[in-house]
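> Okay, predicted coordinates and the sequence, questions at the end:
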Amino acid sequence: GAYLGLNPLTDKMAIDLTYKAFGSFSLQLVDDYNSCKDNTATVADLSTGKVTTTTTTACTSWNTAGVQKQPAVAFEWYGAGLFGDVQPLVQYAVYDLGKSATGSVGVRYKNDSFEAYADLTQDTRNNKGADAAGKAAKEKTTIQGAVVYVEYKLDAVSPFFHYSNLNTDPFVKSDASEADKVKLESNSAGKLDKVESTLAIGTHFNSWSAAYRPFVDVTLSSGRYVDPSDKTKDRVLSKQDLVAGIIGKF
């Protein structure tokens with residue numbers, strides 16, 4: 001969940017080619033931006049008393065300032081049906097004019113009484129910086145995420161186990177202060193700074209209906225966060241939650 005907000009491929013899809021053989025191969029061409037920001041301007045007409053608000057979006061790519069679209073390429077292989085109940089998945093995408101890439105590899109096992117999956121994702125993001133001589137240089141930031149889920153299905157209940165981890169390794173200049181390092185992740189008190197782990201153990205209840213499954217679990221979360229009392233520093237924080245909810249499947 002935390003990784004989704006960092007996904008670089010957030011613009012609309014342009015082309016999607018899918019080939020049904022040995023599972024499913026997909027190749028996607030996506031309109032890609034490196035960074036976009038909305039700028040809002042408000043103008044008041046004193047003669048009429050009307051106020052007009054205009055919002056424009058300015059985007060920058062790796063090598064050029066200003067508005068510029070660029071193609072990103074995403075590849076996926078989903079091996080459903082090849083290995084019985086085992087379903088492998090591989091995803092790889094190149095974006096930011098080929099300077100950055102993100103990839104995932106995972107596998108799911110599913111039958112009538114058991115389901116399990118694991119996924120590992122890594123995003124290597126090279127922002128444009130400058131070396132000591134003032135020439136353009138890559139500034140590498142790495143984001144890693146992992147998810148493991150296991151569920152055993154019984155008649156009335158389905159106990160489950162969930163583990164996820166998010167780890168960020170931003171580019172840090174050699175002369176950066178500790179406060180500067182914290183700001184690279186987040187300068188808001190209480191927000192994620194470096195690493196976050198979540199562990200949940202609980203059960204689904206199956207006897208209500210086929211479309212709805214209530215569940216309860218205990219969730220343990222911990223990680224390094226920006227210090228709520230001093231946002232120039234970070235600290236290890238943890239919490240425990242008792243969760244009750246319902247999942248609807250349509």
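Sure, I can see it. Residues are numbered from 1 along each chain as shown.

> and the residue lying farthest from the centre of the chain, how far is that from Thr54?
In terms of distance from the mean C-alpha position of the chain, Ser47 ranks first, at 48.9 Å (C-alpha atoms, centre = their mean). Distance, Ser47 to Thr54, by C-beta to C-beta, to the nearest Å: 19 Å. All C-beta atoms are positioned from the backbone trio N, CA, C, and that covers glycine.

> And for Phe161?
In terms of C-beta to C-beta, Phe161 sits 51 Å off from Thr54.

> With neighbour numbers in mind, choose between those two.
Just comparing Phe161 and Thr54: by other C-beta atoms under 10 Å the higher neighbour count belongs to Phe161, 15 against 9.

> CA atoms of the helix or strand of the chain with the lowest mean pLDDT as CSV?
Between all helices and strands in the chain, the lowest mean by mean pLDDT, DSSP states H and E belongs to helix 178-185, at a mean of 71. Extracted C-alpha coordinates of helix 178-185, given in CSV (Å, rounded to 0.1, in the frame of the first residue of the first chain):
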residue,chain,number,x,y,z
GLU,A,178,21.2,14.7,9.3
ALA,A,179,18.2,17.1,9.0
ASP,A,180,18.7,17.1,5.2
LYS,A,181,18.7,13.3,5.1
VAL,A,182,15.4,13.2,6.9
LYS,A,183,13.9,15.8,4.5
LEU,A,184,14.8,13.5,1.6
GLU,A,185,12.1,11.1,2.7
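
> helices and strands around that helix, which ones?
Judged by 3 or more C-beta pairs under 8 Å, 6 or more residues apart in numbering; DSSP states H and E, helix 178-185 is in contact with strand 192-205.

> which other helices and strands contact the strand it packs on?
strand 157-169, helix 178-185, strand 212-226, strand 234-248.

> ok, Thr124 touching Glu139?
No: using C-beta atoms under 8 Å, Thr124 is not in contact with Glu139, being 11.5 Å away.

> now the residue lying closest to Thr40 once chain neighbours are set aside, what's its secondary structure?
Using C-beta to C-beta, 6 or more residues apart in numbering and skipping the chain neighbours, the partner closest in space to Thr40 is Thr55 (4.7 Å). The local conformation at Thr55, judged by DSSP: H, G, I helix; E, B strand; the rest coil, is strand.

> follow-up on the earlier one: the residue farthest from the centre of the chain belongs to a strand?
No: counting by three-state DSSP, Ser47 is not found in a strand; it is coil.

> State the distance from it to Thr53.
Look at Ser47 and Thr53: by C-beta to C-beta, they are 18 Å apart.

> ok, now Gly245?
39 Å.

> again with Lys191
According to C-beta to C-beta, Lys191 stands 29 Å off from Thr53.

> Which one's more surrounded, these two?
Lys191 (14 against 8).

> That one and Val226 touch, don't they?
Yes: applying C-beta under 8 Å as the test, Lys191 and Val226 come out as touching, 5.2 Å apart.

> Now Asn111: closest residue in space that isn't a chain neighbour?
Residue nearest to Asn111 in three dimensions, not counting chain neighbours: Asp85, with 4.8 Å by C-beta to C-beta, 6+ apart.

> Please apply the same query to Arg108.
Arg108 sits nearest to Tyr117 (C-beta to C-beta, 6+ apart), 3.9 Å away.

> Kindly state the beta-bridge partners for the one you found.
Beta-bridge pairing for Tyr117 (DSSP bridges): Arg108, Tyr149.

> Over to the one 10 residues further on?
Legend: beta-bridge partners of Asn127 under DSSP bridges are Glu139.

> Now do it against Gly81, distance only.
Taking C-beta to C-beta, one finds Asn127 at 40 Å from Gly81.

> between these two, which one's more packed in?
More crowded of Asn127 and Gly81, by other C-beta under 10 Å: Asn127, with 17 against 11.

> just checking, the more buried one touches Ala136?
No: in this structure Asn127 lies outside contact range of Ala136 using C-beta under 8 Å: 10.7 Å.
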